[in-house]
Structure formats: structure tokens, C-alpha cells
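S.K.: 3D, please:
(chains A and B)
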Amino acid sequence: MRVLKISSVLALWFVFQTLTCHASESKADDWRARASVADRDTYADSDTEEEVNFGREIAGRLLGQYKLSTNVKLQKYVNLVGATLTQNCSRPELDFHFIVVDSSEINAYSTPGGYVFITTAVLSRMSNEAELAGVLAHEIAHVTERHIVKELSLKGTEKSAASSIAAMIGGASKSAEIAFSQAVDKAVDILLRDGYKKEDEMQADATAVVLCAFSGYDPSGLVTFLDKIGKVKSGVGKTYPVYDVRLATLQRAMSDEGIADMKLALNTERFANAMKTDKKINLNPLDLANPIDMIRKVIPGGAHD
Amino acid sequence: MIRTKTQVAVLLAVTTFAATSWGDEFHYNNILVGDRASGMGGAYTAVSDDPGGMYYNPAGIAYSTGKNLSASVNAYSVSNKTYKGVFAGQDWTRTSSTLLPNFFGIIQPVGKIKLGFSYAVPDSNQEDQDQSFTYDNGASWGNTTHVINFNNKNDVNLFGPSAAIQLSDSFSVGATLYAHTRNTEAILNWVQQSDDGKSHNWVNSYRETNELGVKPIVGIMWSPAEKISLGLTVSKTVILRSEILDQANQSAAENQTSGATNNANIVLQTNKSLNTTSQKRSYPYQVTAGVAFFPNSSLLISGDLSYYSAYDYEWVDGLTKRTSVINGALGAEYYINKNWAVRGGLFTDIANTPDLVSDGTYQLEHIDMYGGSMTVSHFTKNTSISCGGSYKFGNGKSQIMPTSPVQDVTANNWTLFISSSYTY
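M.R.: Got it, this is the predicted structure:
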């Protein structure tokens, strides 16, 4: 009789468990995922710290490939526009740095942690500050949406006792260093060769126009700029998706957000003045040994200066 | 004539002793392998979505989460076997223990393919036995003191790469190519001395085997419906090179008169030199089918059925025959919350030797074993630590002396393990 009771309780428990959908359950096609990874997409301070370190490493690599523009006035101007945008972005914990590099390639890049690169070729094809804001906001969105972080499943190193024991048992500490280095390589490949996933680009566009609108910039700036460079046959960065599809998707997103018809600041004259200025400084070649120091020298205080 | 029988019986006993002691080649489920799998009684063929999957079903690693994943298991295992009434009604108990790194595996995605490397120890034991006792050895011997020193080591190591690819949302294939090594060493020193000093028998034997082979494992995993996973694997170990070193010596005398100098009764010294042969052991085909049910993110239930084919091969001790075996396993995993999970499992470990008959000779022991396992796991953001154990037991028959009556034998094994996995 007692066995029967226990069996009944177990059976009821099983039925309950089978029918109950836990709050932590992820999407339907991810039914193999266990509860222990339910918060895989949540991020702690240590994750942000790791992300910034990771992004700094990639920024160093990019600065090894591109020449930093010595036009201090332009660097500062781009940083001011960027700082205006980041005031309204969804990740206030990050210090963004905006870096102009001398290159004939029409492209902009951003690394995890907030290092945003824009080439002089891109700037030369812009007509106003709203277009600049649109491009910078697009790159900011890649950072705030953690596109590379998610693609590479970056997580901070745990410092808990349990984690240390697990790493010790598993002999994983060295592996983690190797994995970090491999991840940097992959991130550079994404930025310079393979490009983001199509859906990441679309999401960055949609986030960017909203961010521009929140910051007082005309959201059409990104549209007009994309339309402009979509007609350029050469010199466009290898990582951009098909423009007509992208533009159509972006315009739909703007309609959905109710910002398609907003008429906000273009700041054409201010942009033109900034582009005319060409005050250069001389860099000590020794600064090249530490690209991040070099950025700080050219752009004191980054976006918050 | 009586003397000759005694000598032959004892000499042959050496062989039987050694044969019964080599690891546990009479069972296929000697040590549960893997981090989660160990806690689930090895019922893992339809789950296999972590490094342990490279051993159970390589197709499963196509579903592994995390970009880089490593896992390791360290186990302490103790086995006891008691032969009932072997020596004039006295039981004989043998104990083996081993502490070993039981598993290590790492998975890394390369494009759409998941690549991995793993190392597994599915069978290992180490006996170190010193035993002495006295019993009445019969008419011409009377009370006799026995001293047995017995050392026995056996290790099976598997290591090699795995690859898996998801061909569709619900179907994946994978393969593991393990290098297989088995190294055994058995040393027996057995002295019988009658208390009147007139009879003695000394046996010393040594056997070492070193074999190298490959064990390919091919697996598929299919989800016919949401939350249901089916797995199937086929594997077989093929020995490419084998070396057996064998040596046995005996000196026996029976009922010697005091002061005799010609030692006419010292009758036998045999096989003094170390023989080397290269006979290759065979292994069965193994086919395992598994089913797993994932009702929600906190509960997982799985079951496996494994079939091992019958086979035979020529060996140092003559023709070796193994019967077909079917083992089963049931396992469950339950997450109390996202930081804690418990796992439990039940499994069988059926012997691959024929049933013993009462009038037979030179029969190998047959013990069907049944067991359970349980682990508790603690998860942090990208690590997990599991602690737990397994226990199995069984009753069977044995014929420890080649021509002695069949004895009852009981066996049990308990294993404690601590494991970790790390995603980075």
C-alpha cells in the first residue's frame, strides 16, 4: 500500500513536471537547452570587463592595419557626435571611443567594448552630421546589441571558488587563454572579411535610426548615406550586405517605429566646417608600440573629453 | 598418480587465477564514463550533447552548447569479489581499487562542424593482495599453510578525435576514432606448505599483455518530434598489434621423507622461459540505441539498450568464447534550479561468459551485475562541478580451481567521482 502511494506521488510529480513549462524555458526549438544555461544571455560586470578587454585587443589589431588620422580637430568632432549618441544608448556602462583612420576604403567598424572606427573615405562621402550620426549609431548598435559577443559566446572569467575548482579539475585555464586569442582572430575576420550576419546588420540599422532620433539627429541620415554609397561601385567595404534589400528593410523599420517622417537636425554647415579643418599633430613613432595610448594622445579622454 | 593430479591442478589454477583477474573483461560496463553520463547510469546515447557524447554517441556533440567546452572526470573505484567456500569452506575475497582520470574531452566548432578530442578509461583496476591462511589440504598433506601474493593491473585507454555535423534541424551524424590500448600485468606467487613439512607446492606466474588497436564509433541522432531524441551507435574494437608475455614456474613435492636428498618427489618445473606470443584478442560489435525525453528545461529522462555480439578467439589459454550480451540503462536529470541539478540512473552489467554447469571444468566465472548511480551538480555561469557515485552488485557462479566444484560468488563495485565541465 505504501509502495502504491509512493508510486502515485512519483507519477503525479512526473506528470506535473512533464506538463509544466518552466518560466526559464527558452524558445521552443531549443528544447535541449537545460536550466543551467537559461541565463546564457544575461551579462554580469565581469562579462563587460572581459568584453572591453576583448574589444581593446581587436582595436589594437585594427590600428596595426590602419593609419590613425592625425587630424585632431576631426577626431574631436567625430567623438563629440559619437558622445551625443552614446548619451542615449542602452549601455551606459561602456566608455565609447571614436577613431578616424586614414583609408580609401568606405567602411566603419566597431569592436566589443565600444571602440568605433570610421575611415576618412566614409567621411568624405558624407553631406551632413546626421549622416555621420547614422553611421556612428549603426556601429554603436553593433556594440550595444553585442553582435560579436553573442556570435563568439564571450563571457567573463569567473573568479568564484567553484569556478576555480572546476578549472583546476578540468585543466581549463590554459585553454581559456588560447580560446581568447582564437576569439580575437575570429572577431577580426568578422570585421574585415566575413561581415556580420545579415540579421545583425538589419538590427543595427533599426537600432541606429531610433538612437539618432532620440539624440536629435534626423533618422534619414543613415538612409541617405546608405543610398549614396550603394551607388558606389568600388571601394565599399567587403562586409556590407546588399543595399537595396537593406534600405527597404530599414525604411520599413522606420515606419514601424513611427520615425520615418521626422524632420530633425542635419547640421550640414557644422559638418562642412569640421571637414575643412585639418590641424594635424606629429606622432612619436614610439607611440605605435601601444595603439591605445596613441588613441588617447590623439583623442584625449575619448568620447567624454 | 595422485601427485601428478595435484601438480597439474595447481599449475592450471595459475592460469585460471590470472584469467579471472585481468581487469574485468567479462563485463562491458565496468566504469561509467563522462560527466553527466556517469550520474545517469550511462543512459546517454540519445543525449550526448557535451564532451561525454564523444564516447557515447558522437552525433550528439553537434548539439553541444558553448563554443569551447572541456570536461574531465576523476574517479576512485573499489571492487570486491568473494568466492564462497573456496578453501575447505573458507571464503576467498579479492579487492581491487584504482584512482584514475576517467575522462577528458574538449569540443570546438569549426564552421558547421563540431570537432572534439577525448580520452576515456572505460576499464581499469589494480589488485595488490597479500593473504595467508591455513586449512586441511587432504589425506597426504593435512593442515597446510597457504601464502598468496597477487598483483594485477589492467588499464584500457581510449583517445582520439571526433567530428559531428547537423544535417538538418532534427538529424545529425558523427564519428569518433579512438586509439585503443590495453595493458595488463598479473603476477601470482602462491606457496602451499603442509604443516608437517613433508609437502609443498610453489607456483609463480607472470603474464603481461600489451595491445594496440582502434575503436571507431559511428553514431546518428534524430529528433522525430519536439522534445524527443533518438540515438544509435555502432562500434567495434579491432586489435592491430598484440604482445603477450607469459611465464609460469612450479615446484612441488609431496610426502617427502625427512632427510631425503635425491628429491625424487620434486616433480615439476615448467615454462621457465618467458614466452612471447602475438595472438590478438577479439572484441564484440556493439550496437546501442537510446531514447531521451526533454519535457522541459529542468527534466530529462533517457534510456539505452546495448547489444554486444558473441565472439571467440584463440588465446594463450585456448579458445576463448564470449556470449552475446544485452545491457540496459535508465537515467534522469532534474534541475532543482539553474544552479543545482541531481542525476540518477540504473543500469545492468551482464557477464559475457557462458553459464556454468555443475560438471564442467575450466569454466570462467559468470556474474550478472546490477547497479545505480547518482550525482549532484553545481553550476556557475560557465562551469559545473559534479560529485557522486555509483554502486553495482551481483551474484553468480565461479570455478576458481579448474576441476573444483562450482562455487557461488558475490561481487560489488563502488565508484566515487568528481567531475567538472568548463565553457569558455
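S.K.: buried sites along stretch A:110-125?
M.R.: For stretch A:110-125, a neighbour-count test (16 or more other Cβ atoms under 10 Å in any protein chain shown) marks A:110-123 as buried. Yep, even glycine has a C-beta here, placed from its N, CA and C like the rest.
S.K.: make TSV from those residues and add distance to chain B and secondary structure to it.
M.R.: Supplementary listing: the buried residues of stretch A:110-125 in TSV, determined by distance: Cβ to the nearest Cβ, whole Å; DSSP: H, G, I helix; E, B strand; the rest coil:
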residue	distance to chain B	secondary structure
A:110	21	strand
A:111	18	strand
A:112	15	coil
A:113	18	coil
A:114	22	coil
A:115	22	strand
A:116	25	strand
A:117	25	strand
A:118	30	strand
A:119	30	strand
A:120	35	helix
A:121	32	helix
A:122	31	helix
A:123	36	helix
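S.K.: so can I have TSV of those residues showing pLDDT?
M.R.: Below are the buried residues of stretch A:110-125 laid out as TSV (pLDDT from 0 to 100):
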residue	pLDDT
A:110	93
A:111	93
A:112	92
A:113	92
A:114	93
A:115	94
A:116	95
A:117	95
A:118	95
A:119	94
A:120	93
A:121	92
A:122	92
A:123	93
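S.K.: of those residues, closest to residue A:57?
M.R.: Nearest to residue A:57, judged by Cβ to Cβ, of those is residue A:111 at 8.3 Å.
S.K.: tell me which of the buried residues of stretch A:110-125 is nearest to residue A:70?
M.R.: residue A:120 (10.9 Å).
S.K.: pLDDT wise, what is the residue nearest to that closest one when sequence neighbours are not counted at?
M.R.: Counting by Cβ to Cβ, 6 or more residues apart in numbering or on different chains, residue A:102 is the residue found nearest to residue A:120 once chain neighbours are left out, at 5.2 Å. In this model, residue A:102 is scored at 91, pLDDT.
S.K.: before we move on, what about residue B:388?
M.R.: So residue B:388 comes in at 94 (pLDDT).
S.K.: run through chain B and note the low-pLDDT ranges.
M.R.: For chain B, applying pLDDT under 70 flags the ranges B:1-23, B:66-72, B:88, B:139, B:256-272, B:381-382, B:424.
S.K.: strands along the stretch 301-424 of chain B, start to end?
M.R.: Secondary structure of the stretch 301-424 of chain B, counting by DSSP state E, counting those that start in this stretch: strands at B:311-315, B:318-322, B:325-337, B:340-349, B:366-379, B:383-398, B:407-423.
S.K.: contacting residues for the residue nearest to residue A:120?
M.R.: A:66, A:67, A:68, A:69, A:119, A:120 (Cβ atoms under 8 Å, 6 or more residues apart in numbering or on different chains).
S.K.: so it versus residue A:66, what's the distance?
M.R.: Look at residue A:102 and residue A:66: by Cβ to Cβ, to the nearest Å, they are 7 Å apart.
S.K.: mutual contacts of these two, please.
M.R.: Shared contacts of residue A:102 and residue A:66, counting by Cβ under 8 Å, 6+ apart, come down to residue A:119.
S.K.: what packs against whichever strand or helix holds residue B:244?
M.R.: In this structure, residue B:244 sits in strand B:238-253 according to DSSP states H and E. Here strand B:238-253 touches helix B:2-21, strand B:200-225, strand B:275-277, going by 3 or more Cβ pairs under 8 Å, 6 or more residues apart in numbering or on different chains; DSSP states H and E.
S.K.: pairing partners for it, with directions?
M.R.: strand B:200-225 (antiparallel), strand B:275-277 (antiparallel) (DSSP bridges).
S.K.: find the nearest non-adjacent residue to residue A:55, please.
M.R.: residue A:113 (2.8 Å).
S.K.: hmm, I was thinking of residue B:175
M.R.: That would be residue B:218: by Cβ to Cβ, 6+ apart, it lies 5.0 Å from residue B:175.
S.K.: show me the contacts for the one you found.
M.R.: Here residue B:218 is in contact with B:58, B:173, B:174, B:175, B:233, B:234, B:235 (Cβ under 8 Å, 6+ apart).
S.K.: in the sheet, who's paired with it?
M.R.: residue B:175, residue B:234.
S.K.: wait, residue B:173 touches residue B:60, no?
M.R.: No - taking Cβ atoms under 8 Å as the definition, residue B:173 is not a contact partner of residue B:60, at 10.5 Å.
S.K.: and the residue nearest to residue B:175, how far from chain A?
M.R.: Distance check for residue B:218 against chain A: by Cβ to the nearest Cβ, to the nearest Å, it reads 21 Å.
S.K.: please name the nearest non-neighbouring residue to whichever residue of the stretch 201-350 of chain B sits closest to chain A.
M.R.: Going by Cβ to the nearest Cβ, chain A is nearest to residue B:335 of the stretch 201-350 of chain B, at 3.7 Å. What sits nearest to residue B:335 in space, not counting adjacent residues and going by Cβ to Cβ, 6+ apart, is residue A:35, at 3.7 Å.
S.K.: just say helix, strand or coil for residue A:49.
M.R.: Following DSSP: H, G, I helix; E, B strand; the rest coil, we place residue A:49 in the helix state.
S.K.: what distance do you get for it to chain B?
M.R.: Noted for residue A:49: a distance of 13 Å to chain B, by Cβ to the nearest Cβ.
S.K.: burial check on that residue, number of neighbours?
M.R.: Neighbour count for residue A:49, taken as other Cβ atoms under 10 Å in any protein chain shown: 14.
S.K.: now swap in residue B:337 and tell me
M.R.: 13.
S.K.: take the strands of the stretch 301-424 of chain B and write them to TSV, including distance to residue A:178.
M.R.: Shown next, in TSV, are the strands of the stretch 301-424 of chain B (distance: least, Cβ to Cβ, whole Å):
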stretch	distance to residue A:178
strand B:311-315	43
strand B:318-322	44
strand B:325-337	30
strand B:340-349	29
strand B:366-379	23
strand B:383-398	17
strand B:407-423	13
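S.K.: quick one, which of those strands gets closest to residue A:74.
M.R.: strand B:407-423 (43.0 Å).
S.K.: starting at the chain centroid, how far to stretch B:298-317?
M.R.: 12 Å (Cα atoms, centre = their mean, to the nearest Å).
S.K.: which parts of it are buried?
M.R.: Neighbour-count burial for stretch B:298-317 flags B:298-306, B:308-309, B:311, B:315 (criterion: 16+ other Cβ under 10 Å).
S.K.: beta partners for residue B:149?
M.R.: residue B:130, residue B:189.
S.K.: whoops, residue B:337 was the one
M.R.: residue B:340.
S.K.: that one contacts residue A:36, correct?
M.R.: No - at 9.1 Å, residue B:337 does not count as touching residue A:36 under the criterion of Cβ under 8 Å.
S.K.: kindly export stretch B:208-221 (C-alpha atoms) in CSV.
M.R.: Output of stretch B:208-221 as CSV, limited to C-alpha atoms (Å, rounded to 0.1, in the frame of the first residue of the first chain):
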residue,chain,number,x,y,z
GLU,B,208,51.8,-9.2,-19.4
THR,B,209,49.7,-8.2,-22.4
ASN,B,210,50.1,-5.0,-24.4
GLU,B,211,47.7,-4.4,-27.2
LEU,B,212,47.1,-1.6,-29.6
GLY,B,213,44.0,-1.2,-31.8
VAL,B,214,41.4,1.2,-33.0
LYS,B,215,37.8,1.7,-31.9
PRO,B,216,35.7,3.6,-34.4
ILE,B,217,32.3,4.7,-33.2
VAL,B,218,29.7,5.9,-35.7
GLY,B,219,26.5,7.5,-34.5
ILE,B,220,23.4,9.2,-35.6
MET,B,221,20.9,11.3,-33.7
